[in-house]
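# Sequence and predicted model, in that order:
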Amino acid sequence: MQKIFKTTIRLNKQDSSTIYFYLESNENIVFYSTLESSLKEGYRDIEIKGSIDFIEDFKRMFQYICTKIKIQTIQEIQIVE
């Protein structure tokens, strides 16, 4: 079984299109889902998962995104099976 990493982040609702753009434009590095519990709020909680083969690529991309928009980490990166 391949291990994956996962993290959960929170950002302002108005910044959600920006992060979706970055995540989708870096296709195949991660996949994500917006947590339903945040849909009626002024923020979005997004769970991000990916293969540990791409964890360093994700970290670099995420650092860059954090220079563009304010992101709060709800759950630090974890390795799961």
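Yep, it's here.
# quick one, phi psi at the spatially most central residue of the chain?
For the chain, the residue nearest the mean C-alpha position is residue 48 (4.0 Å; Cα atoms, centre = their mean). Per-residue torsions, residue 48: phi -120, psi 130 (degrees, to the nearest 10).
# Which residue or residues pair with the closest residue to residue 75 other than its chain neighbours through a beta bridge?
The shortest distance from residue 75 to any non-neighbouring residue, by Cβ to Cβ, 6 or more residues apart in numbering, is to residue 8 (3.9 Å). All C-beta atoms are positioned from the backbone trio N, CA, C, and that covers glycine. Taking DSSP bridges as the rule, residue 8 bridges to residue 47, residue 75.
# and residue 8, how many residues sit next to it?
A total of 18 residues lie near residue 8 under the criterion other Cβ atoms under 10 Å.
# Contacts only, for residue 43.
Counting by Cβ atoms under 8 Å, 6 or more residues apart in numbering, residue 43 touches 10-13.
# Adding distance to residue 81, write those out as TSV.
Shown next, in TSV, are the contacts of residue 43 (distance: Cβ to Cβ, whole Å):
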residue	distance to residue 81
10	25
11	28
12	33
13	33
